[in-house]
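[1] Provide a 3D model corresponding to the input given below.
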Amino acid sequence: MTPPPQSAATAPRSLAFRRDVNGLRALAVVSVVAFHVDRSVIPGGFVGVDIFFVISGYLITRLLVDDIEAGEFSLWAFYERRARRIMPALLLVLAITAIAAATIMVPPDLSRFAQSLIWTILFASNIFFSFNTGYFAAPADSYPLLHTWSLAVEEQFYLFFPLLLWGLSRLITLRWAAVIIAVLTLLSLALSIIA
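    The predicted model follows:
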């Protein structure tokens, strides 16, 4: 039995396979894995996460621009595709981690875990961990969801960037939207460095 046809607004769009992008993904994976195995192997291996952010931003922007230019952009369809891609695996990880935490954690750790679980479900665990990890905080290994900070950053991008790009594309040309986004990006980088 074949699935029902999808409308243009809900049909997933895809980009042509790019070897260069796949090569960057491989470098990112190797650097992050090597960093976690032994930090002395690739001391800056955590930069692999930044590489993933750049790749994801590029691919999502390309898909959004293609949809907007084709007059087929649907904010709802975009969010639905992201949810279908992310949520099943995330919910499975959270359920298994919650069961394990309830089984083996002592009450103070379980309380911290519950807080991090709520922030993770809200795709804001990066905010939670920025305030709850550090020199005088509990050890990082007592936060089993610490790795979700990068997913939170990515999902925040998925939430706000399409709105920004779509809104700008309704007011000005995509070329001018790119200029405004570039300026906002540089301002964001400057604020990050200052902070």
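[2] which helices and strands sit right next to whichever strand or helix holds Ala89?
    Assessed by DSSP states H and E, Ala89 sits inside helix 75-104. Judged by 3 or more CB pairs under 8 Å, 6 or more residues apart in numbering; DSSP states H and E, helix 75-104 is in contact with helix 107-121, helix 149-171. Every residue, glycine included, has its C-beta placed from N, CA and C.
[3] Any idea which helix or strand in the protein has the lowest mean pLDDT?
    helix 19-37 (a mean of 86; mean pLDDT, DSSP states H and E).
[4] would you turn the helices and strands packed on helix 75-104 into JSON lines with mean pLDDT?
    Shown next, in JSON lines, are the helices and strands packed on helix 75-104 (pLDDT from 0 to 100):
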{"stretch": "helix 107-121", "mean pLDDT": "94"}
{"stretch": "helix 149-171", "mean pLDDT": "93"}
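[5] Any chance of JSON lines for those helices, columns distance to Thr133 and mean neighbour count?
    Below are the helices and strands packed on helix 75-104 laid out as JSON lines (distance: least, CB to CB, whole Å; neighbours: other CB atoms under 10 Å):
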{"stretch": "helix 107-121", "distance to Thr133": "10", "mean neighbour count": "16"}
{"stretch": "helix 149-171", "distance to Thr133": "9", "mean neighbour count": "16"}
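[6] Of those, which is nearest Ala178?
    If you check each of these against Ala178 by CB to CB, helix 149-171 wins as the nearest, at 9.0 Å.
[7] What residues sit buried inside the least confident helix or strand of the chain?
    Leu24, Arg25, Ala28, Ser31, Val32, Ala34, Phe35 (16 or more other CB atoms under 10 Å).
[8] same deal with stretch 84-103?
    Buried residues in stretch 84-103, counting neighbours by 16+ other CB under 10 Å, are found at Leu90, Val93, Thr97, Ala98, Ala101.
[9] How about stretch 63-74?
    For stretch 63-74, burial by neighbour count (16+ other CB under 10 Å) applies to Leu63, Leu64, Val65, Asp67, Ile68, Phe73.
[10] can you pull the contacts of Glu155?
    Arg82, Ile86, Phe123 (CB atoms under 8 Å, 6 or more residues apart in numbering).
[11] Just name the closest of these to Gly48, please.
    Nearest to Gly48 among those is Ile86, at 19.5 Å by CB to CB.
[12] Kindly provide the distance from Val153 to Ser125.
    According to CB to CB, to the nearest Å, Val153 stands 9 Å off from Ser125.
[13] Would you format the buried residues of stretch 63-74 as CSV with secondary structure included?
    Formatted as CSV, the buried residues of stretch 63-74 follow (DSSP: H, G, I helix; E, B strand; the rest coil):
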residue, secondary structure
Leu63, helix
Leu64, helix
Val65, helix
Asp67, helix
Ile68, helix
Phe73, coil
